[in-house]
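Asks: 3D, please:
(4 chains)
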Protein chains: 2
Amino acid sequence: MTISQPRKRDSSRPTIREVARRAQVSPMTVSRTLRDDPGVSEATRARVMDAVIALGYRPNEAARNLRLGRSTGLIGLVVTNLANPFYSQLTLGVEALATEHGMRVLLGNSGEDPVREGQLVHDFAARRVDGLIVVPCRNDHSHLHPDRLGDMPVVLAASPPVKIDVDAVLLDDFAGTWEAVRHLISQGHTRIAFLGLPASTWTGSERFRGYCAALEDAGLLVDDRYVSRQHSDVAAAELATYALLDTPDPPTAIFTANNRYTIGAYRAIRGRDKATALAGFDDFELVDLLAMPLTVVAYDPREMGVAAARLLRDRIDNAGSLKVHPARRVVIPTRIVEYGTGFRTPRSG
Amino acid sequence: MTISQPRKRDSSRPTIREVARRAQVSPMTVSRTLRDDPGVSEATRARVMDAVIALGYRPNEAARNLRLGRSTGLIGLVVTNLANPFYSQLTLGVEALATEHGMRVLLGNSGEDPVREGQLVHDFAARRVDGLIVVPCRNDHSHLHPDRLGDMPVVLAASPPVKIDVDAVLLDDFAGTWEAVRHLISQGHTRIAFLGLPASTWTGSERFRGYCAALEDAGLLVDDRYVSRQHSDVAAAELATYALLDTPDPPTAIFTANNRYTIGAYRAIRGRDKATALAGFDDFELVDLLAMPLTVVAYDPREMGVAAARLLRDRIDNAGSLKVHPARRVVIPTRIVEYGTGFRTPRSG
DNA sequence: CTGTTAGCGCCTTCAG
DNA sequence: CTGAAGGCGCTAACAG
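Replies: As a prediction, this is how the structure comes out:
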C-alpha cells in the first residue's frame, strides 16, 4: 500500500538495555531515571546518566508511543504549491500554532496533483498523525472520507468539504471576486477577462462564479473568448494573457484568480503597450510597488493556517468525547485593497 | 526532556488482531495479505480485505518500524524563516527529493531563535528522523554535534559547520557579495552602505567580509556609519534605510545582504527622492519589475534544498558503511544579475 | 497455504 | 528504592 522503498536498518542506536548493562542496573531503573520518576536514588541516577551520555542514548519515541498507546503529536499538512507564498504563509501559521501546543508538522506538497495528494494523505494516515490539514487540489474529496481515514480528524483549508463532513477554513471566494470585478466594472470596463483554475477545483469554480455574477449583475455577458482556465503558474498565465491581449478585440481589464495569475498577467500587460486594468485575488509582497494601479482581494494567509490548526487541535482534543460538535466553517475575512502606482504602504515579513 | 504535553490516547483504532478475528484467520495471515505476500489464497485474501475495509483498519507504521528495526523514513528540516521565499523554495526542494525517495519531511521554523532551533533539533532527534537538514541561525552549532545527536546524519544549509564535522550546502557568500559591491563601485559609488545580519550569523559575517573586501580592494574605507546589522525583516530594513538616507552625508549606494533587506531598502529609497543605487543578495520574484535598476546575487534556492537532501540521503544510505567519506561541501553557483528598470524576463513559479 | 512462537524498545503493574 | 513479568502492534522465522 504505502509506497516507500525498503529503508535501511536503524543505524544501531543503543537501547535502554545497553544503558542498563553499562550502569549495572535494570532497564526499568534507566527508564525511571530518564523520565524523572521520583524513587531513584541520587547515586544510581548519576550512574545511569553517565551511561546515557557515554552511549549517546536517546529513548525511541516510536517504541514509547507504542507502549503508551498514545498519539504521535504530529499533524500532517498537505498543500498544493509551496512556491506560492500564499501556501508558505499558511504553512507558517500551522507550524506556529502546532509548536505552541507541542505538536510538529509533517509537510507534503502535492504540486496540484490529485494522485500525489492521495498518496500523501494515505501515508500520513499510516504514520498515525493526530490529524490532517489539507488544501485539496480538486473537488473530489473521497480520499478524505472519515471511513477511509479511520475517523482521523481532518480540516480543509481554502476549499469546502464535498460529500464529507469535516471542518474547513475558507475565504469568501465568491464575494471577494464579485467585489473586485464590480470594481473593474465601476471603472467603466465591459470587456473583462478571467484567468483562473479549471472548474474541477473549488477556487476555479467559485471565483469564476463570482466573476460571472458580477458581470451579469451589471448586465454584461460572459464571453468565453475572455475566459482562460488552466494550471496555476506565472509563466502560463503570462502566455495566456498575451493570447488575450493579442486579439482584435482584447479585454480592457483582467481579473486574475490568484497571485500566480496576477503576476503573470502583470508581466504580459507590461510587455504590451495597451492600457489594461488588473484586479486579482490575493495580496502579495511588492504588489504595492508595481508600476500600474492594481486592485486585490486581500486577506491574511497565515491566519488561515492558524485557524485551521486551531480547529484541528480542538477536534484532536475532543476525539472520542461525546459532545462532538458538527462540522464548522471559519471564514477568513477578505477586503478589497486598491494599490496606486508604485508607492508606499509598509509591510513586514 | 522532550517538551510535549501529555497527549490523548490513540483513538482506539482497530488492530491487526481484530481484523483477524473478524476474518476468522490468524493475525499473520492478515499481515501477509496486507503486504501482498504471495501465498495467501484468493478466498482468504478476500475475507481479510472485507474485514479490513469493514473495520477501516490501517497498519500502525510505528509498530511496523519497531518490529522491522528500520527507520522512520522521515527527514527533519529546520529553517529560520518560512516567510522568506528563499526558505520556502529550499523547503520545496527538500520535499521534492524526499518524496522521490519515499521519505517525508518534518518541518520546523526557528524564527531565527536559537533556543527554538535547539528544541526542534532535539525533538526531531527523539522522533528518530533518519537525518536532519538545518539552516542554523547562529554560528554556534554545538547542539548539532554528532555526540549529542547519536551520529544522526546532519546536513547544514546556507551556513558551514563550525566545530562539527558534517556536510553542508553553501553559497559563495563572500565572492557573491564582493562582486555585487564591486559592481556598485565600478559605477562610481564610494559611499556604499551595508544592511545585513549581525556578525553572530554566518551570512552576517561572511557577506560583511565580502563587502569590506570589495571596498578595501578599491582603496575605500569601511565607514561604520554606513553599516547596519540587525534582524532580517523588511520593515526593520526599511527603517534602517531611512536612517541611513536621512543623514547629512548619506550613502549613494546600498548593498543589502538578503532579499528581506533588499525589499525594505527599496521601499525606503522609493520613499525618499535621492538617487540611491541598490544591490543585494538573493534573486526574488518581481525584482525585475521594480522601478529602479537593481543588481542581485542570484542562485537557485530550490536547488540548495535538493542538494542538501541528496547529501543527507547519501549519508543515510551509507550509515554504518565503512567507506564513509569525509564531510563534503556543495557550493551552489551564484551569478550577478542586473535588472533594468521594470521590464521583461519571464520567470515561472 | 496457514498458524505459532518470539521479540523489536519501551513502560505499567506488581513483587521484592 | 529496585527488579521481573508481560504486552503495546506488528512481522521474521519456523513449523505444520
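Asks: Give me the nearest residue to the residue positioned nearest the centre of chain A, chain neighbours excluded.
Replies: Against the mean C-alpha coordinate of chain A, by C-alpha atoms, centre = their mean, the closest residue is A:V79 at 4.2 Å. Spatial nearest neighbour of A:V79, excluding adjacent residues (C-beta to C-beta, 6 or more residues apart in numbering or on different chains): A:Y87 at 4.3 Å. For the C-beta atoms, the positions are set from N, CA and C on the backbone; glycine is no exception.
Asks: In stretch A:202-218, which residues are buried?
Replies: A:202-208, A:210-215 (16 or more other C-beta atoms under 10 Å in any protein chain shown).
Asks: which one of those is nearest B:E117?
Replies: A:T203 (35.4 Å; C-beta to C-beta).
Asks: looking at it, the closest one is touching A:L170, isn't it?
Replies: No: A:T203 is beyond contact range of A:L170, at 10.2 Å (criterion: C-beta atoms under 8 Å).
Asks: to the chain's geometric centre, what's the distance from the worst-scoring helix or strand of chain A on mean pLDDT?
Replies: Every helix and strand of chain A was ranked by mean pLDDT, DSSP states H and E. The lowest is helix A:61-68, at a mean of 85. Helix A:61-68 sits 29 Å away from the centroid of its parent chain (C-alpha atoms, centre = their mean, to the nearest Å).
Asks: Could you tell me the angle between the direction of the helix or strand following that helix and that of strand B:74-79?
Replies: The C-terminal neighbour of helix A:61-68 among helices and strands, as given by DSSP states H and E, is strand A:74-79. Angle, strand A:74-79 to strand B:74-79, by axes from the mean of the first three to the mean of the last three C-alpha atoms, to 10 degrees: 70 degrees.
Asks: buried sites along stretch A:163-182?
Replies: Buried residues in stretch A:163-182, defined by neighbour count with 16+ other C-beta under 10 Å: A:164, A:166-182.
Asks: start to end distance for it?
Replies: Start-to-end span of stretch A:163-182 (C-alpha to C-alpha, to the nearest Å) is 32 Å.
Asks: distance of whatever residue of the stretch 51-200 of chain A ends up closest to DNA strand D from A:N60?
Replies: Minimum separation of the stretch 51-200 of chain A from DNA strand D (C-beta to the nearest atom of the strand) falls at A:R67, amounting to 3.5 Å. Between A:R67 and A:N60 the computed distance is 10 Å (C-beta to C-beta, to the nearest Å).
Asks: Between the two, which has more neighbouring residues?
Replies: Neighbours were counted for A:R67 and for A:N60 using other C-beta atoms under 10 Å in any protein chain shown; A:N60 has more, 20 against 10.
Asks: Would you check that the more buried one makes contact with B:A125?
Replies: No: using C-beta under 8 Å, A:N60 makes no contact with B:A125, being 11.1 Å away.
Asks: coming back round to it: please enumerate residues in contact with the helix or strand hosting the residue nearest to A:V79?
Replies: Assigned by DSSP H and E, A:Y87 belongs to helix A:85-100. The contact list for helix A:85-100 (C-beta atoms under 8 Å, 6 or more residues apart in numbering or on different chains) reads A:75, A:77, A:79-82, A:104-105, A:107, A:133, A:135, A:157-158, A:258-259, A:282, A:284-285, A:300-310, A:313, B:82-83, B:85, B:87-88, B:91, B:107-109, B:116.
Asks: Show me how to select, in PyMOL, the buried members of those.
Replies: PyMOL command restricting the contacts of helix A:85-100 to the buried ones, with burial defined by 16+ other C-beta under 10 Å:
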select buried, (chain A and resi 75+77+79+80+81+82+104+105+107+133+135+157+158+258+259+282+284+285+300+301+302+303+304+305+306+307+308+309+310+313) or (chain B and resi 82+83+85+87+88+91+107+108+109+116)
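Asks: quick one: average confidence on stretch A:82-91?
Replies: For stretch A:82-91, mean pLDDT rounds to 95.
Asks: show me where the stretch 101-250 of chain A has strands.
Replies: Ranges of strands in the stretch 101-250 of chain A, per DSSP state E, counting those that start in this stretch, are A:104-109, A:131-134, A:154-157, A:167-171, A:192-196, A:227-229.
Asks: Mind putting these into CSV with mean pLDDT?
Replies: As requested, the strands of the stretch 101-250 of chain A are arranged in CSV below (pLDDT from 0 to 100):
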stretch, mean pLDDT
strand A:104-109, 96
strand A:131-134, 96
strand A:154-157, 97
strand A:167-171, 97
strand A:192-196, 98
strand A:227-229, 97
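Asks: out of those, which comes closest to chain B?
Replies: Smallest distance to chain B across these (C-beta to the nearest C-beta): 4.4 Å, for strand A:104-109.
Asks: between the closest one and strand B:74-79, how big is the angle?
Replies: With the same axes, to 10 degrees applied, the angle from strand A:104-109 to strand B:74-79 works out at 90 degrees.
Asks: Show me how the record splits chain A into domains.
Replies: A:16-52+A:72-171+A:303-332, A:173-298+A:335-339 (automatic domain parsing).
Asks: does the longest one come close to DNA strand C?
Replies: Spelled out, that is domain A:16-52+A:72-171+A:303-332. Yes: with C-beta under 7 Å from any atom of the strand as the criterion, DNA strand C is reached by domain A:16-52+A:72-171+A:303-332 at A:16-17, A:27-28, A:31, A:34-35.
Asks: Provide a list of residues in contact with A:P251.
Replies: Each residue near A:P251 by C-beta under 8 Å, 6+ apart is listed here: A:189, A:191-193, A:226, A:244-245, A:276.
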